[in-house]
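Peer 1: sequence first, then the predicted structure, then my questions.
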Amino acid sequence: MALDTKERNEIILAAVNMAGPVGDDLPEWNSRVRANTKKLTIMLGENSNLAKIIDMVKGCKIFSGTILHVAKEKSSKRGFVGLKTTPSKFNADGIESVRTEIMEDNPEVLAFCRQLRSLEGHRVLVWVEMQTNEDATRKFRILQHVEDLGLDPDYDADEAKELTLAKLRK
């Protein structure tokens, strides 16, 4: 897809900004600008990893709840998160579960799980993506992002852990 002049200029200016001051070595600075231009153009492409993340986040279901407990689901190697949400016809008790991406060999997901553990007992906004397994026979609710809304004054750690582990065993 061809870029218009405005888009091209924005990429160039961003690449120059990323490269920082010219300094004493103009050829080295020019090299940094060219490398940054490539990086930015790739990042802005329709099929870039970042574009795919944007599309995924846009497709997420967003709702609020309290993080009850975070455990590791051994069978899937994912984080298993218990949430207390508003009771509904699908969850009369308001207890829901979501999973993280696979944790194994993924430092980003491990860091996300540590963040989730630190938010046990907090009200949060959650972004949940629906994924299917390879043969499309099962669907999974994958937690992609959370925003902290503060402590839940009604949180009971022992009860929360028990409720989450009961969901995990089902």
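Peer 2: Cool, got the structure. Because the structure is predicted, anything quoted here is derived from the model rather than measured. Numbers count the residues shown, from 1 in each chain.
Peer 1: tell me how this structure divides into domains.
Peer 2: As given by automatic domain parsing, the domain ranges for the chain are 5-55, 60-169.
Peer 1: and after the helix ranked longest in the chain, which helix or strand comes next?
Peer 2: Ranked by residue count, the top helix of the chain under DSSP state H comes out as helix 26-43. Counting by DSSP states H and E, the next helix or strand C-terminal to helix 26-43 is helix 49-58.
Peer 1: who's in contact with that next one?
Peer 2: 43-45, 127, 129, 144-145 (C-beta atoms under 8 Å, 6 or more residues apart in numbering). All C-beta spots, glycine's among them, are computed from the backbone N, C-alpha and C.
Peer 1: in this structure, which residue is closest to the centre?
Peer 2: Gln144 (3.2 Å; C-alpha atoms, centre = their mean).
Peer 1: mind listing what's buried along the helix or strand harbouring that residue?
Peer 2: In this structure, Gln144 sits in strand 139-151 according to DSSP H and E. Buried residues in strand 139-151, counted by 16 or more other C-beta atoms under 10 Å: 142-144, 146.
Peer 1: report the angle between it and helix 49-58.
Peer 2: Put simply, strand 139-151 runs at 80 degrees to helix 49-58, going by axes from the mean of the first three to the mean of the last three C-alpha atoms, to 10 degrees.
Peer 1: list the helices and strands strand 139-151 packs on?
Peer 2: helix 49-58, strand 95-102, helix 107-118, strand 122-132 (3 or more C-beta pairs under 8 Å, 6 or more residues apart in numbering; DSSP states H and E).
Peer 1: how about 6 Å then?
Peer 2: Contact analysis of strand 139-151 by 3 or more C-beta pairs under 6 Å, 6 or more residues apart in numbering; DSSP states H and E lists strand 95-102, strand 122-132 as its packing neighbours.
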